[in-house]
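**Q** All I have is the shape, not the residue letters:
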Ligand SMILES: Cc1cc2nc3c(=O)[nH]c(=O)nc-3n(C[C@H](O)[C@H](O)[C@H](O)COP(=O)(O)OP(=O)(O)OC[C@H]3O[C@@H](n4cnc5c(N)ncnc54)[C@H](O)[C@@H]3O)c2cc1C
């Protein structure tokens, strides 16, 4: 392990100041569940570790006139047990159920998950379903960035080294069907091979009136799969229809990534998982 | 002495290691802090197959804090290791045969300095053609990895005339099965520490399954007298076969020999993955034939396992796979062959079951396929063929006692019948298919067709305190507790009153390896023998004092007394003093070596083991036909262990074996050159664990200590076959390659027509 200096500013202002001066030489650390892996392997070539894990400004989940706000420093354990998310963003809450194991969930933050820009980040599909925007700040300015734009490539974040994600602002959805599902090589503590999140509502006639869907782990950066919304909205969900939609989704994935060795599995499994997840909305 | 009831045997007494482990007091190797200890790191070749032209250590030696860079030249004794065939140098000499081969050993003041020095060692290689799989290694013009050629060993077991017998078979099944390399993944990574004591002895703490073997190897390597080296087994956090080979003991010994300073060496998980043994990948071609009633008539097996760069336990693995190829079934015509081939991968060695789990995957699939073809129930076909008292196995050995396979089948039967009627048919989600499957197994206890004795020593002091000395390494499986129970039972004292001195080559006698599920049976017998010798002299002294015959005496509460009469008793202290005064010995040696007859080299006929464990497991499995996910819901596991000395311990082994079996069946794939650590190697977590219903079957083994056999490896062997048979039952499609991962299960689902919105 190289010598890295550990810095823990007391508030966001100090943190942003520090980054303004030393951003290029600094790695932000929140829960550290991704960062520490690079520290141990020696892959991290920075002078400073800036700890933001105890900053109040990054904490808390609340519903206000901006929307449903989830602090970047909120841990997966907090998401796991949030009542507010239960009623306003159930898909996001469900991501926490199979996220890592308990010890990791206690440390891991949603901000870290997004900033890490792993294609397999489990919070991304649900955030995308809720049309989440990240509130990103540097010393001089703040801006709102759609989560789909938070990564430019796999593992490459669009954040500048001077920026911190403060929170995510989600569109809350109530009283519909919400779910998150993932496939890994074991039931817990596994990287997602495929993940998906959905929110759907039916009208009185049983047609799909509203649908948001996102696919995770299959494309280098998140895509909001609007074609699903277009294809399904207004239709009566039957098994055949959902199956067909799942097939379209798999084709869309292949369009984005091209065929790879993993496609042999992912192509049918995406269709299969979509079927399984949406089955409860079938009449 | 007639015993109506055991006092210690069969009791779930508190395990010896529990308190230390729960409180965190136990000292694993990495916890041992020796003052001013220096650090060791090994430079590994990083190439598959190459000639070493030159090793230049000059630059590395210049780095401040580097004490010495050792190469093969610095080894004063024999630079070769191997418990069965000696082919593995401690430090590469002349050539390297795998990427993991150690080329130089750096001793430095700190880990960081040592790591820096590794980078400064300059090795010039000329690459040779790498041989990465069996086919390459056996190709006609393949370069030789070792001088004797690339086939290390072949074991044949031939009985009757399989070729002709197949002509009359009604049902013939011929299939190929493949299994992959598996990492043991014990939670405690390999580590060791050492120092030179006042009288010049090199003391080495090791995380090991066989301290006395380590001792021999280090002595050999250093060319010193036996008494100059002392191996102490530290608390060991699992081994599963990998810690039968030396990990760091040799490196520590070499550094101590030259530098005479305290050292330690802890492998990172990555180094442990890269450099320690793996389970052998197998390719098994198996052909079996039955008559029209499902009775197995003939079997032919051609199996080959890839042992990587060195033999390690490869010969034992090939031998066991051949012997166990028939499964727990009586087959008249047997033609089994298993070879072991060198390649340029990290070496493979022992792992829980030595090739038997791989063979069991094949024979248990075969028997189910026969059942399906013939319309016979899978349980029924096992009953038809199962070994029983009087059966003759493939090696021509008649099984005379303790053949509990049918009892295992019987124990599983009610669960099996109920599940076939109810559980399998219950409606769940439309996309889940349920299935049940059986896995049978047999397993020879102890090493195969060779002498494998154990010794033990028991001592009583003048205060009447009993101490048992055993070289038997407890690696978490609980042997220390069990041996104390056996000694206590003989001497009529409480197990916790037996002081235990374990795994220290200065103090203990060789008990052989903690492997082959042999310690309860073999070391248990050695301990019993020692305890009985002591008991006998105590009784003789008791007769003298109590003036009744031996047959009227009993051991009770640290005394000998006239049976049933607490007033006529004499305590151990008095007896010990008396024996001592008369010049009698207070220290007794026990010995046991199971009766085996070596194989006929051509036909493999012989008596490979003196007793066998048997088991049958029933797996309840749910397969998601849309995603290929598999959920093992329940395993009913019936195990014939002879006598359960410590039932909870047996259950612990069964549960642990099943966890490992779930991994072997569904998710574990070690890819040489790719798999680096637990980040990319999946062993089951508790979320993947099925409910386990353990059933202990006790079919008394007359040669076992109080009837006991073993369970360590048997616990794992039937699990994967049972799961794979259950998957076939669920999907109507069989998988022949392990693991049955997401890809393979989804493929099976698609091919069987289950992948649909219906
Ligand atoms: C055993 C294990 C299991 C795991 N399982 C899962 C899983 O099931 N699903 C999953 O999605 N992930 C999983 N992960 C990955 C990891 O836990 C998550 O990505 C986690 O959300 C990261 O959060 P953190 O707070 O620990 O981030 P850190 O490691 O502290 O940081 C991660 C990255 O984000 C940056 N960062 C953190 N916070 C901010 C911020 N507010 N503003 C700007 N940049 C920031 C850091 O600089 C760094 O680049 C697992 C990791 C481990 C070790």
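**A** Cool, the structure landed. Treat the numbers as computed from the prediction; the structure is a model and nothing was measured.

**Q** Got the domain ranges for chain A?
**A** Following automatic domain parsing, chain A resolves into domains at A:5-51, A:56-170, A:177-281.

**Q** got those domains as a markdown table, with distance to the ligand and mean neighbour count columns?
**A** For the C-beta atoms, the positions are set from N, CA and C on the backbone; glycine is no exception. Output for these, formatted as a markdown table (distance: least, C-beta to the nearest ligand atom, whole Å; neighbours: other C-beta atoms under 10 Å in any protein chain shown):
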| stretch | distance to the ligand | mean neighbour count |
| --- | --- | --- |
| domain A:5-51 | 3 | 16 |
| domain A:56-170 | 2 | 20 |
| domain A:177-281 | 6 | 19 |
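
**Q** which bits of chain A sit near chain B?
**A** A:1, A:37, A:101, A:183, A:185-190, A:193, A:239-240, A:242-243, A:264-265, A:268-269, A:271-273, A:275-276, A:279 (C-beta under 8 Å from any C-beta of the partner chain).

**Q** Just these: which are in strands?
**A** Here DSSP state E is the test, and the residues of chain A next to chain B give residue A:183 as lying in strands.

**Q** any chance of the domains of chain A in TSV, plus mean pLDDT?
**A** Formatted as TSV, those follow (pLDDT from 0 to 100):
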stretch	mean pLDDT
domain A:5-51	96
domain A:56-170	97
domain A:177-281	96
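
**Q** could the ones you listed go into a markdown table alongside distance to residue B:92?
**A** Below are the domains of chain A laid out as a markdown table (distance: least, C-beta to C-beta, whole Å):
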| stretch | distance to residue B:92 |
| --- | --- |
| domain A:5-51 | 26 |
| domain A:56-170 | 37 |
| domain A:177-281 | 35 |
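
**Q** could you pull out the strands for chain A?
**A** Assigned by DSSP E, chain A shows strands spanning A:5-7, A:26-29, A:48-51, A:61-64, A:67-71, A:133-137, A:142-146, A:151-153, A:156-157, A:164-170, A:177-183, A:194-202, A:208-216, A:223-224.

**Q** Adding distance to residue B:242 as columns, could you present those strands in TSV?
**A** As requested, the strands of chain A are exported to TSV (distance: least, C-beta to C-beta, whole Å):
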stretch	distance to residue B:242
strand A:5-7	37
strand A:26-29	35
strand A:48-51	36
strand A:61-64	47
strand A:67-71	45
strand A:133-137	46
strand A:142-146	49
strand A:151-153	40
strand A:156-157	39
strand A:164-170	44
strand A:177-183	31
strand A:194-202	34
strand A:208-216	37
strand A:223-224	44
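
**Q** quick one: the helices in the stretch 101-250 of chain B?
**A** B:111-120, B:134-138, B:162-167, B:211-222, B:249-259 (DSSP state H, counting those that start in this stretch).

**Q** The longest one vs helix B:249-259, what angle?
**A** Taking axes from the mean of the first three to the mean of the last three C-alpha atoms, to 10 degrees, one finds that helix B:211-222 is oriented at 50 degrees with respect to helix B:249-259.

**Q** Can you tell me what sits against helix B:211-222?
**A** B:75-79, B:81, B:83, B:90, B:202, B:204, B:206, B:208, B:225-226, B:228-233, B:244, B:246, B:249-250, B:253-254, B:257, B:471, B:473, B:503-505, B:508-513 (C-beta atoms under 8 Å, 6 or more residues apart in numbering or on different chains).

**Q** Can you give me the neighbour number for whichever residue of the stretch 451-600 of chain B sits closest to the ligand?
**A** The ligand sits closest to residue B:476 of the stretch 451-600 of chain B, with a gap of 23.6 Å, by C-beta to the nearest ligand atom. The number of residues packed near residue B:476 is 21, by other C-beta atoms under 10 Å in any protein chain shown.

**Q** I'd guessed it sits against residue B:15; true?
**A** No - between residue B:476 and residue B:15 there is no contact under C-beta atoms under 8 Å: 9.8 Å.

**Q** re the thing from before, confirm the residue of the stretch 451-600 of chain B closest to the ligand sits in a strand?
**A** No - per DSSP: H, G, I helix; E, B strand; the rest coil, residue B:476 lies outside any strand segment and is coil.

**Q** Find the nearest non-adjacent residue to it, please.
**A** Once flanking residues are discounted, residue B:476 sits nearest to residue B:238: 5.5 Å by C-beta to C-beta, 6 or more residues apart in numbering or on different chains.

**Q** Spatially nearest residue to residue B:667, not counting backbone neighbours?
**A** residue B:682 (4.5 Å).

**Q** give the contact list for the one you found.
**A** Residue B:682 touches A:185, A:186, A:190, B:663, B:667, B:668, counting by C-beta under 8 Å, 6+ apart.

**Q** Could you pull up the residues touching residue 77?
**A** Let's take chain A. A:96, A:102, A:105, A:106.

**Q** Correction: the question concerned chain B.
**A** Contacts of residue B:77 by C-beta under 8 Å, 6+ apart are B:219, B:220, B:221, B:222, B:223, B:224.

**Q** Looking at those residues, which is nearest the ligand?
**A** Nearest to the ligand among those, with distances taken as C-beta to the nearest ligand atom, is residue B:221, at 39.0 Å.

**Q** from the contacts of residue A:77, which is closest to chain B?
**A** residue A:102 (11.0 Å; C-beta to the nearest C-beta).
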